[in-house]
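> what shape does this take:
(one chain, ligands or ions: 2)
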Amino acid sequence: MAYKEPAPIKDKENPFESMMSRFNIAAECLGLDDDTYNVLKSPARQVIVNMPITMDDGSVRVFEGFRVVHSTILGPSKGGIRYDKGVFLDEVKALAAWMTWKCAVVDIPYGGAKGGIICDPTTMSAAELERLTRAYTLALIDTFGPDQDIPAPDMGTGPREMAWLMDEYSKTKGMTVNSVVTGKPLVLGGSLGRVEATGRGVMVSAMAAMEKLGMDPTKSTAAIQGFGNVGSWAAKLLFDKGVKILAVSDITGAYWNENGIDIDAAIEYKNAHKGRLEGFKGAELMADPGDLLTSKVDVLVPAAVEDVITIANADKIQARLIVEGANGPTSANADKIINEKGIMVVPDILANSGGVTVSYFEWVQNRLGYKWTLELVTERAERIMTDAFEKVYATSQKYNVTMRIAAYIVAIDKVAQTYKFRGGF
Ligand SMILES: NC(=O)C1=CN([C@@H]2O[C@H](COP(=O)(O)OP(=O)(O)OC[C@H]3O[C@@H](n4cnc5c(N)ncnc54)[C@H](OP(=O)(O)O)[C@@H]3O)[C@@H](O)[C@H]2O)C=CC1
Ligand SMILES: O=C(O)CCC(=O)C(=O)O
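Ligands and ions are numbered 1, 2, ... in the order given. Next comes the predicted model:
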């Protein structure tokens, strides 16, 4: 039977339009001129590739993949690769633009890019995924490069895929080029602290926001959607700070414990059960996983997919603080409702920027041929995150705007100034 690609999800807000509506507000606050506006909004490069892959049963399937380079104004473009059956071009375009803004917010010398392949990694063997990753690398060999475009993990990918990518790239160059990709296994030049970096940044932003709101972490509760790389590390690090985690979730459901979930036990369970929480006994399965988002907690951390906080549920959210671990979890239409409710949102382009920050450290270490200690990585990453938070907070006060619009203002201002100094392209 011929394989049929799943249709892209259509019943959601377009993520690129969501990104643009925030961009437009920030551009207006800054009084951005038309020329710069047009340059900054347009992705520099969009590549679509089709890759025939021999499956383990001998059949051939053609997979569609994307790489969007949004901007190289600040430096080589940087951004993860997503393996998911729902990937589509406008999503990758939005994710690439968010990378540009994210790198600018944390003041690292990168532009933004993102990649994705329409596939379901949970139903593919390791050998099939390896062939696919190598084919994708070859298809994008002219795009990738340590001084051009540097990929990293995102949903559905991790150190294993980054290792294959590095190896395939290196073979075509006839030498080992480990700085072409970050998020690699440690033995291949990965950085200590990269695996937990995004979750750590979420924790650092949550702590900084709680301080502004006068919340005591040890008296606060949280719910975390998504228990993959970002969600599980954010949960673990918040738990270690004394925050009581009442709910966590993955694709198998949402799990609630009024007395607080033992996150170490949840992570141990997940690691022993193919990366899933299904059957975890330390919490009750919630009847509707969507209820996690509107549950009675102080802090909400969406750390799974886009567009989960929408006009359909925004008015029911009870948390005082939302810290966006995922990229684009809040639709632009929901922003107004959330703001009217007085909920503070630490936006994705700030809250989850700890990952790309430590990716930058990995790239720097690869180029130096030197390894930093975990303490050094953690201390530098936390300082960058704290400084970025304070800058965005001060900007929100100055312009009397939300933290989200303030983060866009900081980012767009930096990219626009750099563009002007460079004299245009
Ligand atoms: N990894 C990184 O360094 C960074 C990631 N991000 C963003 O963070 C988000 C998560 O990425 P990451 O943790 O790497 O991805 P992972 O693939 O490691 O984890 C994703 C998690 O979300 C769960 N999930 C998927 N769909 C749903 C859903 N509808 N409801 C609840 N849970 C769901 C998955 O469950 P299951 O495993 O059961 O399928 C899994 O637990 C993405 O938006 C990504 O772009 C942002 C910055 C950096
Ligand atoms: O680590 C990186 O370079 C990028 C991570 C990423 O894709 C993201 O921040 O969304």
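
> neighbours around Tyr269, how many?
17 (other C-beta atoms under 10 Å). For the C-beta atoms, the positions are set from N, CA and C on the backbone; glycine is no exception.

> ah, wrong one, I meant Arg383
Count around Arg383 with other C-beta under 10 Å applied: 12.

> if I look at it, how far off is Gly31?
Separation of Arg383 from Gly31 (C-beta to C-beta, to the nearest Å) stands at 31 Å.

> and the strands in the stretch 101-250 of the chain?
Secondary structure of the stretch 101-250 of the chain (DSSP state E, counting those that start in this stretch): strands located at 111-118, 149-153, 221-225, 244-250.

> quick one: residues in contact with whichever helix or strand comes after the last one.
The helix or strand immediately downstream of strand 244-250 is strand 253-256, counting by DSSP states H and E. Under the criterion C-beta atoms under 8 Å, 6 or more residues apart in numbering, residues 225, 246-249, 261, 266, 277-278, 280, 282-286, 288-292, 295 lie in contact with strand 253-256.

> the very next helix or strand once past strand 253-256 vs ligand 1: in contact?
Scanning forward in sequence from strand 253-256 by DSSP H and E, the next helix or strand is helix 263-272. No - using C-beta under 6 Å from any ligand atom, helix 263-272 never reaches ligand 1; the gap is at least 8.3 Å.

> what residues does helix 263-272 touch?
In contact with helix 263-272 (C-beta under 8 Å, 6+ apart) are residues 227, 232, 235-236, 239, 245, 248, 250, 255, 276-277, 279-283.

> smallest gap between the stretch 151-300 of the chain and ligand 1, at which residue?
Gly228 (1.7 Å; C-beta to the nearest ligand atom).

> what's around the residue in the stretch 201-350 of the chain that ligand 2 sits nearest to, how many residues?
Closest contact between the stretch 201-350 of the chain and ligand 2, by C-beta to the nearest ligand atom, is at Asn327 (5.2 Å). Neighbours of Asn327 under the rule other C-beta under 10 Å: 27.

> just Ala265 next, same as before
13.

> for it, report the pLDDT, please.
pLDDT recorded at Ala265 is 98.

> re the thing from before, what about the contacts of helix 263-272, which are in helices?
Ser232, Ala235, Lys236, Phe239 (DSSP state H).

> most neighbours out of the residues you listed, which is it?
Neighbour max across the ones in helices among the contacts of helix 263-272 (other C-beta under 10 Å) = Ala235, 30 neighbours.

> contacts only, for that one.
Contact analysis of Ala235 by C-beta under 8 Å, 6+ apart lists Gly199, Ala222, Ile224, Phe227, Ile245, Val248, Ile261, Ile263, Ala266, Ile267, Val301.

> what does Thr72 give?
Ala44, Gly111, Gln148.

> again, only using 6 Å
Shown in contact with Thr72 (C-beta atoms under 6 Å, 6 or more residues apart in numbering): Gly111.

> look up phi and psi at it.
phi -120, psi 20 (degrees, to the nearest 10).

> so what's the residue count around the closest residue to ligand 2 within the stretch 251-400 of the chain?
Nearest residue of the stretch 251-400 of the chain to ligand 2, counting by C-beta to the nearest ligand atom: Ser359, 3.3 Å away. The tally of other residues near Ser359 (other C-beta under 10 Å) stands at 29.

> now the chain against ligand 2: closest residue?
Gly80 (2.6 Å).

> how much space between that residue and Val87?
Where Val87 is concerned, Gly80 sits at a distance of 12 Å (C-beta to C-beta).

> how about Val106?
25 Å.

> and the next element down the chain from the helix or strand containing the residue of the stretch 251-400 of the chain closest to ligand 2?
Using DSSP H and E, Ser359 maps to helix 354-368. Downstream of helix 354-368, the first helix or strand assigned by DSSP H and E is helix 374-399.

> what mean pLDDT does that next one have?
pLDDT averaged over helix 374-399 gives 98.

> show residues contacting the next helix or strand after that helix.
Using DSSP H and E, the helix or strand that directly follows helix 374-399 along the chain is helix 403-422. Helix 403-422 has contacts (C-beta under 6 Å, 6+ apart) with 22, 25-26, 29-30, 36, 40, 73-74, 101, 104-105, 345-347, 349-350, 391-392, 395-396.

> just those: which are in helices?
22, 25-26, 29-30, 36, 40, 101, 104-105, 349-350, 391-392, 395-396.

> of these, which is the most crowded?
Of the ones in helices among the contacts of helix 403-422, with other C-beta under 10 Å as the count, Leu350 tops at 32 neighbours.

> next, work out how far apart that residue and Leu165 are.
For Leu350 relative to Leu165 (C-beta to C-beta), the value is 28 Å.

> just to revisit the earlier point, just the buried ones from the contacts of strand 253-256, in PyMOL syntax?
To isolate the buried ones among these in PyMOL, judged by 16 or more other C-beta atoms under 10 Å, type:
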select buried, resi 225+246+247+248+249+261+266+277+280+282+283+286+289+290+291+292+295
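
> got the strands of the stretch 101-250 of the chain as a markdown table, with mean pLDDT and distance to Lys93 columns?
Formatted as a markdown table, the strands of the stretch 101-250 of the chain follow (pLDDT from 0 to 100; distance: least, C-beta to C-beta, whole Å):
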| stretch | mean pLDDT | distance to Lys93 |
| --- | --- | --- |
| strand 111-118 | 98 | 8 |
| strand 149-153 | 97 | 15 |
| strand 221-225 | 98 | 24 |
| strand 244-250 | 98 | 27 |
